[in-house]
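Engineer: sequence first, then the predicted structure:
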Number of protein chains: 2
Amino acid sequence: MSSGDLANVDVLIIGAGPSGLMLATWMARLGIKTRIVDKRFDRINSKPMVCKAEPSKFSIPWVLAKTFGNPDEQRKLYRSDMIVDTVPGLSRFQQATLHQARVEEYLLSYIEKYSDLKVEYGVMPESLDIDTDKVESDGYPVSVTLRSLPRPGPESQVSLDVEDSKIPNGLHRSNLTADTTDALLQDAQAADGTCATKIKAKYVVGCDGAHSWTRRQIGCVMEGDHSDFIWGVLDIIPITDFPDIRYRCAIHSASGSMMIIPRENKYVRLYIQVTEVDEKGKPVDRFDITPSNLLDAANRILSPYKITYNHCHWWTAYRIGQRVGSKFSAHDCVFLAGDAVHTHSPKAGQGMNISMHDTYNLGWKVASVVKGWANRSLLKTYSTERQQVARELIEFDRKFSHLFSGRPAEHIMDKEGVDLKTFKQVFEKGNLFSSGCVVDYASSLIVTKPAVTKTAVEDGGTPLVGKQALAPNIPIGMRIPSHKILNQSDGRPWHLQELLPSNGQWRVIVFAGDLLDHAQSLRLSNLGMELRSPNSFLNRFRPKDNESSLSSFFEVLTIHSSPRQKVDLLSLPEIFHPYSSEYGWDYNKVYVDDMSYHEGHGQAYQNYGIDLQKGCVVIVRPDQYVSWIGELEDVADMNRLFEGIFVSSPKLP
Amino acid sequence: MSSGDLANVDVLIIGAGPSGLMLATWMARLGIKTRIVDKRFDRINSKPMVCKAEPSKFSIPWVLAKTFGNPDEQRKLYRSDMIVDTVPGLSRFQQATLHQARVEEYLLSYIEKYSDLKVEYGVMPESLDIDTDKVESDGYPVSVTLRSLPRPGPESQVSLDVEDSKIPNGLHRSNLTADTTDALLQDAQAADGTCATKIKAKYVVGCDGAHSWTRRQIGCVMEGDHSDFIWGVLDIIPITDFPDIRYRCAIHSASGSMMIIPRENKYVRLYIQVTEVDEKGKPVDRFDITPSNLLDAANRILSPYKITYNHCHWWTAYRIGQRVGSKFSAHDCVFLAGDAVHTHSPKAGQGMNISMHDTYNLGWKVASVVKGWANRSLLKTYSTERQQVARELIEFDRKFSHLFSGRPAEHIMDKEGVDLKTFKQVFEKGNLFSSGCVVDYASSLIVTKPAVTKTAVEDGGTPLVGKQALAPNIPIGMRIPSHKILNQSDGRPWHLQELLPSNGQWRVIVFAGDLLDHAQSLRLSNLGMELRSPNSFLNRFRPKDNESSLSSFFEVLTIHSSPRQKVDLLSLPEIFHPYSSEYGWDYNKVYVDDMSYHEGHGQAYQNYGIDLQKGCVVIVRPDQYVSWIGELEDVADMNRLFEGIFVSSPKLP
């Protein structure tokens, strides 16, 4: 949305890493006037990991199993266990390791497809002020001064590489190196030819990483501590006789710990524990950490196996710390997301995932409020929901890192050491955690679980509580699980999640039950009539913005349980398969839980625990989290749910 | 390969439709100096079928089931049957309808990825001469004069549209319209500013469609006949109460026949039978065929259902004919492919598929000979293999079209009419045919079936015959069926076909049997030693061309049947997982038939009918067709097979 006046924007995103770009995808998709700036001139570490000897089909490694190495009685390494890395049935996807640059490229191409929003590289903020009087009004409460930085010449590029200048070195971005943000800004202000522009924004989101400038402006403090564990990272093409080199592998040896992560093509990433003190007991200097020192450590850990390489793509080292921000927003108009508000070890593979989830949670909420569709109270749920996840992550990571960095137990009475059983248990829990499928948001105006605390009740009256028992395996507050269903009109199987693209719509999923049963068919007809009434949420809350890509805030999807060939689409009430004089009937709204031609029976009703006869209605948020469950008759509750969220008479922009 | 001298090229491709572009992909992939010309200035009908009301996830319709409509006793339509469209288990893919323009775009992007070859649009040949003395030598036996055509002004564009000039009309390309090739050339020769260039080529391939100019130059005659059946085609967004509109649907009604094919987004294609004579018994004039006449016919056929539309993407009409060329090549240096050498009705959906298969068969053979790798006798197999397929297609299509155009039987004694049972049987056979999975090439120097005729034996001596009994479900002469196997090193499941990309390599697939059995392990070691010997085909036949993308003509893939976790990759002989001092061990050559973590057990040995203990060796051509099967000891036969194909001492280019 770079067209028009850029001095006033709806949303300013500071930082164009994965969390900033994820937020920008929502803004692009929903047509929000946005700017996104990044102090860097280039994207990080974006050189693809290719090697000539490998065909492209191996460019995305799946991570299917973890193996564990432990010292045997002669303190030599052996494969103590092997577990499956993704819990079977948890997701329709498998784990794979994807380069951050590829994820960013995907998001950038999505943004380009939907908007003309462009990242402004080499630009950073130098002041931020919130006019608290304007926060609740329709103005632009945040003033920001943006400064364009002078492009660094080739001679001034940071190089801490002590050993081989051809290997890209990530040490200068590591937390072993001091924060250079202020210095960068001062240099820019002193330099000739850089300019500062004042802009105003309705919302500002700081996605500016561990050294977040935005965080300091709103007085957010990182709470927690750094540990003394230092870990090195090497991305190499390994030449080794270690047999499990293509597995995700946790090695806990007498000489230290190491983790192996298979990467693109022939590459693997090694996480290698570095002794905190040298032989003389002196703390290690970060400049003493080099690729060859890391390789030596890896060889000690892997002994009797050997490892070496000719190709190193990148390396770094960092100190492990688990910290979370004291607050996630100021006045619900400046927000923090990603590393700006939680830092932890990267070993659980969660940094990029959780950071993107932060802004995936925030984006549709901010867009709905900017558009004048939703009440500002919706924004409070960002802090409550994501702070909870960050705290769980930090707690898990603290435990995980301790286990990882700790010395292995030498015998069953060795209480100081870490025993393998505990290690494996935590690892298995980590699988669930890192899948992102176990996030469980607390009760709020958009999650109708029984409220644990009073504050979760927004409307002062009896809180609205969904009927969880109607679909016990669709937990309210969690992402809706996906099973295969068939299109009524052509028999094609779809995973339910494929039908829920992130376009800003809430989904009203009508599990219609058995349509061949007369009483049930009547229930569905009645629901159709209620939904068509002028008082229903479908008619009361509608986008009036002609520029909106949404024709409705809601999409009604129907999934029935009768045999597909015995049901005629046109026998269902029209509201479940809308007619257009331009395009005819909509053939993509009604689905069935039945046997497919080639992919078996999805057994969606059974898997969800829904009664095949009676069905239920499930309301799913634009981010696929379950908001409410009720009977086909509970239209009053549906109306009440949306009355708490949507503005009855949306303001025109 | 547009760089360098373009007056002498290895391969000239005439026509840039799907068959020409498929040939160009092989040339691009294998680095052959090529030109490709097309007399058109734009690609055909390339406007994508989009409509605003439809999200992009519906852009490729799957075709899962066919339904049949037939008249009931009141001569009204009813759904007489429904069958699955793709035979379950036949392929890992499902059927989908893909726009020709999308297929062409995919091929063009592949060509661009691997070469700088560009289609020269608006260029056509005007003379072609073969110097037969040079055919067997290393020269350029074919001389061609190419003429660049004047770009037509907007006023001169063909428009036969009688009704609505906004609807793209394909009638002028239909076989109801006379061939305009000669007129086009004469106009170009008479026009100012067009130029002719003489070039020489080693090979010329005519992919120039039903009115092929190349075909006439080599004296190939189309044999067969036109029928009197005329069919119209409408690509529309239907507005209808006909319930099966999103199925592939064959309707055989009292008022004529029709076929419905779901297309991209909301579109469907209707094939509608047009009465050959009007009410007065006069043959229909092609100018009387209009979209509204076609729609009227569709409504008569669909009665009592109704159909109309607001959006028509394209329409045409054509007369059905089944003809095949008298020869597929001249001197094995000028070849014909695609519609240039076989024409048939498009209803079986085979036009584009079979045409692309023609040049997919030809491409690697021509490239191997041009590179000096293979003997010229390899080229003879193009004509024998594809002529056989074309004849089978024509025969099937003749039967299919007759059934389709014929009047439905009114009762069981109605011998003139077409009974539904026969119709369904032919339709089911058509499914197999159109899957492309039942092509079965005859014996030749690259297909070691027992020869039916003497001519198939090339070397004069006892023909080499593969041991089909070792793998009864991998028929020699057919494409190797695909089952899932796991990578030994990381457990990732792969469909075997995914491991056989079209890069020009022959695959030696070693089904190694049970490696935990000592005797079997010894057999594998012996095979490894034989393959490493200087006399083995692996060492005798190697590309010497430094520019080649191939490091070897052969890739050895191993699939064993022991439990994955009990086998250590490094315990297998090195030749099965080659070591490189640059990159270490190759982790992508050894696979196992075992249970996967998430996708069950592929049961490859059982499905192929291979003994789990003893295994066998299967040799697969660069186009994935099975060439030979033998024991692990049959290295002498492998050597003999490749002696008949490859040039022992490859010439440098």
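Structural biologist: Happy to help now that I have it. Please read these numbers as outputs of a predicted model, since none were measured by experiment.
Engineer: can you give me the helices for the stretch 101-250 of chain A?
Structural biologist: Using DSSP state H, counting those that start in this stretch, the helices of the stretch 101-250 of chain A run over A:181-190, A:213-217.
Engineer: worst average pLDDT in these?
Structural biologist: Among the helices of the stretch 101-250 of chain A, helix A:181-190 carries the lowest mean pLDDT, a mean of 82.
Engineer: show me what from the stretch 301-450 of chain A comes close to chain B.
Structural biologist: A:310-311 (Cβ under 8 Å from any Cβ of the partner chain). C-beta: built from backbone N, CA, C; applies to glycine.
Engineer: low pLDDT regions in the stretch 301-450 of chain A?
Structural biologist: Applying pLDDT under 70 to the stretch 301-450 of chain A picks out residues A:346-349, A:405-418, A:420, A:431, A:434-435.
Engineer: now do the same contact list for the closest residue to chain B within it.
Structural biologist: Of all residues in the stretch 301-450 of chain A, residue A:310 sits closest to chain B, at 5.6 Å by Cβ to the nearest Cβ. By Cβ atoms under 8 Å, 6 or more residues apart in numbering or on different chains, the contact list for residue A:310 reads A:237, A:239, B:581-583.
Engineer: and the stretch 451-600 of chain A, which residues reach chain B?
Structural biologist: Close to chain B, as judged by Cβ under 8 Å from any Cβ, the stretch 451-600 of chain A has residues A:487, A:489-492, A:498, A:501, A:503, A:565, A:568-570, A:580-585, A:587-588, A:596-598.
Engineer: tell me the strands in the stretch 251-400 of chain A, going along the chain?
Structural biologist: A:256-262, A:268-274, A:307-325, A:329-330, A:334-336, A:342-343 (DSSP state E, counting those that start in this stretch).
Engineer: quick one: the helices in chain A?
Structural biologist: Assigned by DSSP state H, chain A shows helices spanning A:18-30, A:100-114, A:181-190, A:213-217, A:291-302, A:351-370, A:380-405, A:420-435, A:518-532, A:537-540, A:604-608, A:635-643.
Engineer: just name the most buried of those helices.
Structural biologist: Greatest average neighbour count among these goes to helix A:18-30 (a mean of 27), per mean count of other Cβ atoms under 10 Å in any protein chain shown.
Engineer: show me what that one is packed up against.
Structural biologist: Packing contacts for helix A:18-30, counted by 3 or more Cβ pairs under 8 Å, 6 or more residues apart in numbering or on different chains; DSSP states H and E, involve strand A:8-14, strand A:34-38, helix A:100-114, helix A:351-370.
Engineer: so what's the residue of the stretch 501-650 of chain A found nearest chain B up against?
Structural biologist: Nearest residue of the stretch 501-650 of chain A to chain B, counting by Cβ to the nearest Cβ: residue A:584, 3.6 Å away. The contact partners of residue A:584, by Cβ under 8 Å, 6+ apart, come to B:237-240, B:266.
Engineer: show me what counts as buried in stretch A:439-455.
Structural biologist: Residues of stretch A:439-455 classed as buried: A:439-449, A:451 (neighbour count, 16 or more other Cβ atoms under 10 Å in any protein chain shown).
Engineer: any chance of JSON lines for the helices of the stretch 101-250 of chain A, columns distance to residue A:274?
Structural biologist: Formatted as JSON lines, the helices of the stretch 101-250 of chain A follow (distance: least, Cβ to Cβ, whole Å):
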{"stretch": "helix A:181-190", "distance to residue A:274": "26"}
{"stretch": "helix A:213-217", "distance to residue A:274": "28"}
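Engineer: among those, which is nearest chain B?
Structural biologist: It is, among the helices of the stretch 101-250 of chain A and with distance given as Cβ to the nearest Cβ, helix A:213-217, at 34.9 Å.
Engineer: can you tell me what sits against that closest one?
Structural biologist: Residues outside helix A:213-217 that contact it (Cβ under 8 Å, 6+ apart) are A:14, A:124-125, A:128, A:181, A:204-206, A:208, A:222, A:325, A:334, A:336, A:340-341.
Engineer: and the pLDDT at residue A:90?
Structural biologist: With respect to pLDDT, residue A:90 has a value of 67.
Engineer: ok, residue A:591 next?
Structural biologist: Looking at residue A:591, its pLDDT stands at 98.
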